[in-house]
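[1] sequence and computational prediction follow.
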Amino acid sequence: MRIKKTASLLAAFGLAFSLAACGGDGKDDAKVTKEEFTKGYVTGMKSVSKRIPEARLKQLAECIYQKINGKVDDSTMKIIAKGNKSSSGSKKKETLSAKDQTTLQTASKECVSELIKSGGQNSPSATK
């Protein structure tokens, strides 16, 4: 039951986090690595809720990365990798495209389901 509650929280916060994030100008052309994405995702989610264990957030972030990498704009990956921190002191809100929001929400739901099925013990399998 506790895993279901945690998964529900993860899904709710994941969806809220996916809608908007603070960002910079997006001029950096480097691809976001899995490690950068995971670190930013965990940081962003921890700013929303401190109740979710970091290990669960890392599992969720790694799964989401595998599912959305190459399917969303690089700017979306960079926004998430920033972990709700703006660069260059910018307070400008960057929003994700509707397509990227949908892709991220779908991946979040799938990964939460996989995390529940695995009992939260192992990283969800996200390789295809």
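    Perfect, I can see it now.

[2] what helices or strands is the helix or strand hosting Leu115 leaning on?
    Assigned by DSSP states H and E, Leu115 belongs to helix 98-117. Here helix 98-117 touches helix 2-19, helix 54-68, going by 3 or more CB pairs under 8 Å, 6 or more residues apart in numbering; DSSP states H and E. Just so you know, the C-beta spots here come from the backbone N, C-alpha and C atoms, and that holds for glycine as well.

[3] next, give phi and psi for His31.
    One correction, residue 31 is Lys, not His. Note on Lys31: its backbone torsions stand at phi -70, psi 150 [degrees, to the nearest 10].

[4] neighbours around the residue lying closest to it once chain neighbours are set aside, how many?
    Counting by CB to CB, 6 or more residues apart in numbering, the nearest residue to Lys31 once its immediate chain neighbours are dropped is Asp74, at 6.7 Å. Asp74 has 14 neighbours, counted by other CB atoms under 10 Å.

[5] try the one 4 residues further on
    Other residues near Lys78 number 23, with proximity taken as other CB under 10 Å.

[6] can you verify Lys71 is assigned to a helix?
    No: going by DSSP: H, G, I helix; E, B strand; the rest coil, the assignment for Lys71 is coil, not a helix.

[7] doesn't Glu36 make contact with the residue nearest to Lys31?
    No: if you go by CB atoms under 8 Å, Asp74 and Glu36 don't touch, sitting 12.0 Å apart.

[8] what sits in contact with each of those two?
    Shared contacts of Asp74 and Glu36, defined by CB atoms under 8 Å, 6 or more residues apart in numbering, are absent.

[9] restrict the helix holding Leu115 to CA atoms and write it as PDB.
    In PDB, the C-alpha atoms belonging to helix 98-117 read as follows (Å, rounded to 0.1, in the frame of the first residue of the first chain):
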ATOM      1  CA  ALA A  98       2.200  20.300 -26.000                       C
ATOM      2  CA  LYS A  99       3.700  17.300 -27.700                       C
ATOM      3  CA  ASP A 100       6.600  17.100 -25.300                       C
ATOM      4  CA  GLN A 101       4.300  17.500 -22.300                       C
ATOM      5  CA  THR A 102       2.200  14.600 -23.600                       C
ATOM      6  CA  THR A 103       5.300  12.500 -24.200                       C
ATOM      7  CA  LEU A 104       6.700  13.200 -20.700                       C
ATOM      8  CA  GLN A 105       3.300  12.600 -19.000                       C
ATOM      9  CA  THR A 106       2.900   9.200 -20.800                       C
ATOM     10  CA  ALA A 107       6.500   8.200 -19.900                       C
ATOM     11  CA  SER A 108       5.900   9.200 -16.300                       C
ATOM     12  CA  LYS A 109       2.800   7.100 -16.000                       C
ATOM     13  CA  GLU A 110       4.400   4.100 -17.700                       C
ATOM     14  CA  CYS A 111       7.400   4.400 -15.400                       C
ATOM     15  CA  VAL A 112       5.300   4.700 -12.200                       C
ATOM     16  CA  SER A 113       3.400   1.600 -13.300                       C
ATOM     17  CA  GLU A 114       6.700  -0.300 -13.900                       C
ATOM     18  CA  LEU A 115       8.000   0.900 -10.500                       C
ATOM     19  CA  ILE A 116       4.800  -0.400  -8.800                       C
ATOM     20  CA  LYS A 117       5.000  -3.800 -10.700                       C
END
